[in-house]
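quick one: sequence and predicted model below, then my questions.
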There are 2 protein chains.
Amino acid sequence: MTKTYNQMGLIGCGLMGGSLALALKRAKLVKSVVGYSKSPSTTARAKALGVIDQEAKSAMQACAGSDLIVIAVPVSATSETFKSIRQFVQSNVLTMDVGSTKQDVVQNAEKYLGWNGQYFVPAHPITGKEVSGVEHSEAALYQDANVVLTPTPATDLDKVQEAQALWTAVGGRVHVMPPCEHDALLAGISHAPHLVAFSFMNSLLSQESYASFMKLAGPGFRDFSRIAGGDPVLWRDVLLANRTEVMGQLRQLVLSMQAFQKALHAQDGDALEALIVKASKARNAWRP
Amino acid sequence: MTKTYNQMGLIGCGLMGGSLALALKRAKLVKSVVGYSKSPSTTARAKALGVIDQEAKSAMQACAGSDLIVIAVPVSATSETFKSIRQFVQSNVLTMDVGSTKQDVVQNAEKYLGWNGQYFVPAHPITGKEVSGVEHSEAALYQDANVVLTPTPATDLDKVQEAQALWTAVGGRVHVMPPCEHDALLAGISHAPHLVAFSFMNSLLSQESYASFMKLAGPGFRDFSRIAGGDPVLWRDVLLANRTEVMGQLRQLVLSMQAFQKALHAQDGDALEALIVKASKARNAWRP
């Protein structure tokens, strides 16, 4: 039986937080949502769109009286948020974030939440859109999404189970692993690819033929470069926070590219085909 | 007024050729299609699916009596095809290919078609799917696709106009440019990205966490790696044929990646954000 909540305090009314509010209300797991965003106009828009039921003037006000607190701010604003709401992180409240990196969040939780950090469950739903903002929120965003919970040895196990039930109820496939494992895996499947997609756009931009490139670009370009449209502040924070793992993944990628360059240079069709067969088989075997 | 054809000779009954046959028949521009594939079972399947109307036992047989010839074989089989059908490439016939590289095709046309090479119009419709084979053919494949024609100074201008009308009639947006320009542009927007996507899969495969990577992979991974599922023989040929341009694009990409690595190493958030802003703005400004 999934627990229901009287009041969700939402800090950061963006795409991720707004979609979770909608999903939890649709699933009838939350009665009312009190939302706060740094920009008052965002909070007002969230209210006007029905994503939140009540506007809060501060993060603290969003937390007061809430039995569910969700921090959905850019990763770089997490520590500031922890500082301002620490008194509300308690045993009778489930507190979670939705950030794309986890080791830094866990470190900040330990630093700023102290003993009550045990009631905080670090969470990362692996989904999103290339458009941000509360106006793109949708209740179905977490349907079939992988959601990673990264408790530490200190985290309260009941709270982890509560979080697991909540994410499952909105359609997520929950995985539980240590923060460092999460960050290493995400560097490979998400963070490094974003860096490469950004670099790819900048590489085309740096060339005289840029306009011609864009005119001929087809479906391959569209999909390969889609993630390059991501939010700059969010991705700056993610890449900085997880830079060691991201750099490691880039090294691996460059090694794999060098195998291709070597085969091309030698005009070795067999070697080239073998490299592509390996990649193509693996990609076609993947099921989301 | 777009010209109509009595008989299309299709050499290579795969996704590209099969889709063009369906599109031309739907547009009532072709009365009947005679098809040939190296593998008799493919030709039979194309017939059974209604993609072609008659099976040919050889490329020559497919060309006999055809006023439209379409060569839709892997790039590496183009010269062999030119050799076997050269007597059918004539002024009263429109002959085209659909290959992804054009300088090599033009060279082979000059070499094997001789004087009548002037009636051959090199063409590249920039579209496709990550699945190949005649069974995935669809009449709408070329709708809104960019189609590049790469005549040489020797190509018959009437034939270029005929080709332009034909591709426009099946929904393509036709661009005319020299073969070398085509290959340089495609290296940037398609060939190098394919090489990177293949390398990305191989990089993940080379790591112990491969199974975990695949389990957590989300929509970003799905789109970024989609083109890695491409056909190995087709892409071996493309990368080999266009290797000089592809290597040049890889150099540009690596330079752009190094700008990110430098910013990450220095933990320079401002520089990192500026790099991402540039990429993200450009990607979001692109309209297919």
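Done, it's in.

any idea which helix or strand carries the closest residue to A:A165 other than its chain neighbours?
In space, and not counting its chain neighbours, A:A165 is closest to A:T2: 4.5 Å by Cβ to Cβ, 6 or more residues apart in numbering or on different chains. For glycine as for every other residue, the C-beta is placed from the backbone atoms N, C-alpha and C. A:T2 belongs to no helix or strand when assigned by DSSP states H and E.

show me the contacts for A:T2.
Residues counted as contacts of A:T2 (Cβ atoms under 8 Å, 6 or more residues apart in numbering or on different chains) are A:29, A:165-166, A:168-169.

closest one of the residues you listed to chain B?
When these are compared for distance to chain B (Cβ to the nearest Cβ), A:T168 wins out at 16.3 Å.

buried stuff in the host helix or strand of the closest one?
Per DSSP H and E: A:T168 is located in helix A:157-169. Neighbour-count burial for helix A:157-169, counted by 16 or more other Cβ atoms under 10 Å in any protein chain shown, picks out A:159-160, A:162-164, A:166-167, A:169.

tell me the one among these nearest to B:F198.
B:F198 has its nearest neighbour among these in A:W167, at 33.9 Å by Cβ to Cβ.

re the thing from before, rebuild the buried residues of helix A:157-169 as JSON lines, extending it with pLDDT and distance to chain B.
Output for the buried residues of helix A:157-169, formatted as JSON lines (pLDDT from 0 to 100; distance: Cβ to the nearest Cβ, whole Å):
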{"residue": "A:K159", "pLDDT": "97", "distance to chain B": "22"}
{"residue": "A:V160", "pLDDT": "98", "distance to chain B": "18"}
{"residue": "A:E162", "pLDDT": "97", "distance to chain B": "22"}
{"residue": "A:A163", "pLDDT": "98", "distance to chain B": "17"}
{"residue": "A:Q164", "pLDDT": "98", "distance to chain B": "16"}
{"residue": "A:L166", "pLDDT": "98", "distance to chain B": "19"}
{"residue": "A:W167", "pLDDT": "98", "distance to chain B": "14"}
{"residue": "A:A169", "pLDDT": "97", "distance to chain B": "19"}
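
kindly reformat those as JSON lines containing distance to B:L216.
As requested, the buried residues of helix A:157-169 are arranged in JSON lines below (distance: Cβ to Cβ, whole Å):
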{"residue": "A:K159", "distance to B:L216": "22"}
{"residue": "A:V160", "distance to B:L216": "18"}
{"residue": "A:E162", "distance to B:L216": "22"}
{"residue": "A:A163", "distance to B:L216": "17"}
{"residue": "A:Q164", "distance to B:L216": "16"}
{"residue": "A:L166", "distance to B:L216": "19"}
{"residue": "A:W167", "distance to B:L216": "14"}
{"residue": "A:A169", "distance to B:L216": "20"}
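
what does the pLDDT read for A:S76?
pLDDT, A:S76: 86.

which residue comes closest to it once chain neighbours are left out?
In space, A:S76 is closest to A:D237, 4.4 Å off (Cβ to Cβ, 6+ apart).

so what's the residue count around the one you found?
23 (other Cβ atoms under 10 Å in any protein chain shown).

isn't it up against A:T78?
No. A:D237 is beyond contact range of A:T78, at 9.1 Å (criterion: Cβ atoms under 8 Å).

show residues contacting stretch A:264-281.
Residues outside stretch A:264-281 that contact it (Cβ under 8 Å, 6+ apart): A:259-260, A:262-263, B:197-202, B:205, B:228-233, B:235-236, B:239-240, B:243, B:246-247.

what's the model's confidence in that stretch, averaged?
Average pLDDT, stretch A:264-281: 98.

list the buried ones in that stretch?
Residues of stretch A:264-281 classed as buried: A:264, A:269, A:271-273, A:275-280 (neighbour count, 16+ other Cβ under 10 Å).

export the helix or strand where A:E181 lies to CSV, keeping only CA atoms.
Under the criterion of DSSP H and E, A:E181 resides in helix A:179-186. Presented in CSV, the C-alpha positions along helix A:179-186 are these (Å, rounded to 0.1, in the frame of the first residue of the first chain):
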residue,chain,number,x,y,z
PRO,A,179,25.9,7.4,-5.1
CYS,A,180,29.4,6.7,-6.6
GLU,A,181,28.0,3.9,-8.8
HIS,A,182,25.2,6.2,-10.0
ASP,A,183,27.6,8.9,-11.0
ALA,A,184,29.9,6.5,-12.8
LEU,A,185,27.1,4.9,-14.8
LEU,A,186,25.5,8.3,-15.6
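
mutual contacts of A:D237 and A:T78, please.
Taking Cβ under 8 Å, 6+ apart as the contact rule, A:D237 and A:T78 have no neighbour in common.

and the helix or strand where A:M60 lies, what does it pack onto?
Following DSSP H and E, one finds A:M60 within helix A:59-63. Counting contacts by 3 or more Cβ pairs under 8 Å, 6 or more residues apart in numbering or on different chains; DSSP states H and E, helix A:59-63 packs against strand A:5-11, strand A:30-36, helix A:78-85.

show me how far the last one is from its chain's centre.
Right, helix A:78-85. The chain centroid and the centroid of helix A:78-85 are separated by 18 Å under Cα atoms, centre = their mean, to the nearest Å.

picking up where we left off before, now tabulate the buried residues of stretch A:264-281 in CSV and tack on distance to B:F221 and secondary structure.
What follows is the buried residues of stretch A:264-281, written out as CSV (distance: Cβ to Cβ, whole Å; DSSP: H, G, I helix; E, B strand; the rest coil):
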residue, distance to B:F221, secondary structure
A:L264, 25, helix
A:G269, 29, helix
A:A271, 26, helix
A:L272, 24, helix
A:E273, 24, helix
A:L275, 20, helix
A:I276, 19, helix
A:V277, 20, helix
A:K278, 17, helix
A:A279, 14, helix
A:S280, 15, helix
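
ok, back up a step: so for the very next helix or strand once past the helix holding A:M60, mean pLDDT?
With elements assigned by DSSP H and E, the helix or strand that comes after helix A:59-63 is strand A:68-71. For strand A:68-71, mean pLDDT is 98.

contacting residues around strand A:68-71?
The contact list for strand A:68-71, computed with Cβ under 8 Å, 6+ apart, reads A:5, A:7-12, A:17, A:20-21, A:24, A:30, A:62-63, A:78, A:81-82, A:85, A:88-89, A:93-99, A:166.

going through these, which ones are buried?
Burial by neighbour count, judged by 16+ other Cβ under 10 Å, picks out A:5, A:7-12, A:17, A:20-21, A:24, A:30, A:62-63, A:78, A:81-82, A:85, A:88-89, A:93-99, A:166 from the contacts of strand A:68-71.

by contact count, what packs against the helix holding A:T168?
strand A:94-97, strand A:120-121, strand A:123-126, strand A:146-149, strand A:173-176.

would you list the ones you listed in a markdown table and tack on distance to chain B and mean pLDDT?
Converted to a markdown table, the helices and strands packed on helix A:157-169 look like this (distance: least, Cβ to the nearest Cβ, whole Å; pLDDT from 0 to 100):
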| stretch | distance to chain B | mean pLDDT |
| --- | --- | --- |
| strand A:94-97 | 18 | 98 |
| strand A:120-121 | 18 | 98 |
| strand A:123-126 | 4 | 95 |
| strand A:146-149 | 5 | 97 |
| strand A:173-176 | 7 | 97 |
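
go ahead and confirm A:L185 touches B:L216.
Yes. Proximity of A:L185 to B:L216 meets the contact threshold set by Cβ under 8 Å, at 5.4 Å.
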